[in-house]
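[1] Just to be clear, the model below is a prediction. Sequence and coordinates:
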Amino acid sequence: GAVVSQHPSRVICKSGTSVKIECRSLDFQATTMFWYRQFPKQSLMLMATSNEGSKATYEQGVEKDKFLINHASLTLSTLTVTSAHPEDSSFYICSAREVDRGNTEAFFGQGTRLTVV
Amino acid sequence: GEDVEQSLFLSVREGDSSVINCTYTDSSSTYLYWYKQEPGAGLQLLTYIFSNMDMKQDQRLTVLLNKKDKHLSLRIADTQTGDSAIYFCAESPDYKLSFGAGTTVTVRA
């Protein structure tokens, strides 16, 4: 299957700093990428949908100024957690889909474990 | 997601079959999915079923779909220790995926 690479896999940052997470589709063009957040022993919560070249669509309750999403190309989307706080510590996972081609499968990155201290 | 419900835990003996059940709410989902997540890792698509099918078999995996009851199940035959993981079912009424809370499958010797 297609590969989605997420980087970094783990990051520890201090409170108040910003952290950028990258999501790349390596062998296909992802017109749409999705960012999820997963709390321990819980399901994945969709945070936002990012479309190449346009503004991301955020789910209800997700602060768009806190979680900045950029989808500048068909192979790269970034999530920046701004002014991070300990409660932002979580597992963040991206996925990518070739929606325009009606592809049924969403390919997931390996996830980023963010710890804010 | 609250629209997709799964039991949280399943313990099974090595070599037995595992059955994970899921109920969903959106009848417009064209596809329904099963994903596997190993500790500290992302999600791996195991299999999916088109909504007009009632069964799909793929090697050790069998998916059953009861569209009337909005019930989906995943059967893993001859469960192995490598099958220990969290299994998520997901519906997709549009291009977004809505996941259940995940079923933690523990395989005991």
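    Sure thing, it's come through. Numbering: from 1, shown residues only, chains lettered A, B, ... in the order given.
[2] Strands of the chain, residue ranges please.
    Because you didn't say which chain, this covers chain A. For chain A, the strands defined by DSSP state E occupy A:4-7, A:10-13, A:19-25, A:32-38, A:44-51, A:57-58, A:67-73, A:76-81, A:90-97, A:107-108, A:112-116.
[3] Sorry, I should have been clearer: chain B.
    Under DSSP E, chain B gives strands at B:5-6, B:9-13, B:18-23, B:31-37, B:43-50, B:55-58, B:61-66, B:71-76, B:85-91, B:98-99, B:103-108.
[4] Give me the helices and strands touching the first one, please.
    Yep, that's strand B:5-6 we're talking about. strand B:18-23, strand B:85-91 (3 or more C-beta pairs under 8 Å, 6 or more residues apart in numbering or on different chains; DSSP states H and E). All C-beta atoms are positioned from the backbone trio N, CA, C, and that covers glycine.
[5] Likewise for the last one?
    Counting by 3+ C-beta pairs under 8 Å, 6+ apart, the packing neighbours recorded for strand B:103-108 are strand B:9-13, strand B:18-23, strand B:85-91.
[6] How far off centre is the first one?
    Centroid separation between strand B:9-13 and its chain, computed with C-alpha atoms, centre = their mean, to the nearest Å, is 14 Å.
[7] Over to stretch B:54-73?
    Using C-alpha atoms, centre = their mean, the offset of stretch B:54-73 from its chain centre is 9 Å.
[8] rewinding a little: got a markdown table for the helices and strands packed on strand B:103-108, with mean neighbour count too?
    Output for those, formatted as a markdown table (neighbours: other C-beta atoms under 10 Å in any protein chain shown):
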| stretch | mean neighbour count |
| --- | --- |
| strand B:9-13 | 14 |
| strand B:18-23 | 19 |
| strand B:85-91 | 24 |
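[9] can you pull the contacts of the residue nearest to B:Tyr48 when sequence neighbours are not counted?
    Distances taken as C-beta to C-beta, 6 or more residues apart in numbering or on different chains place B:Tyr33 nearest to B:Tyr48, at 4.5 Å, with adjacent residues excluded. Residues in contact with B:Tyr33 (C-beta atoms under 8 Å, 6 or more residues apart in numbering or on different chains) are B:Leu45, B:Thr47, B:Tyr48, B:Cys89, B:Ala90, B:Glu91, B:Ser92, B:Leu97.
[10] Pull up the gap between A:Lys41 and B:Thr103, please.
    Relative to B:Thr103, A:Lys41 is positioned 11 Å away (C-beta to C-beta, to the nearest Å).
[11] Just list whatever residues bridge to A:Val19.
    A:Val81 (DSSP bridges).
[12] Now do A:Gly53 against B:Ser98, distance only.
    26 Å.
[13] whoops, I mixed them up, A:Thr17
    32 Å.
[14] who has more neighbours, the two?
    Ranked by neighbour count (other C-beta atoms under 10 Å in any protein chain shown), A:Thr17 and B:Ser98 place B:Ser98 first, with 22 against 11.
[15] Local confidence estimate at that one?
    Looking at B:Ser98, its pLDDT is 88.
[16] Distance check, it against B:Cys89.
    10 Å.
[17] List, one by one, the residues from chain B near chain A.
    Contacts of chain B with chain A, taken as C-beta under 8 Å from any C-beta of the partner chain, map to B:1, B:31, B:35, B:40-45, B:48, B:88, B:95-102, B:104.
[18] Which among the residues you listed count as buried?
    B:1, B:31, B:35, B:41-43, B:45, B:48, B:88, B:96-102, B:104 (16 or more other C-beta atoms under 10 Å in any protein chain shown).
[19] returning to what we had before: could you export the strands of chain B as TSV, including distance to A:Met45?
    Output for those, formatted as TSV (distance: least, C-beta to C-beta, whole Å):
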stretch	distance to A:Met45
strand B:5-6	15
strand B:9-13	21
strand B:18-23	18
strand B:31-37	14
strand B:43-50	13
strand B:55-58	28
strand B:61-66	25
strand B:71-76	20
strand B:85-91	12
strand B:98-99	8
strand B:103-108	17
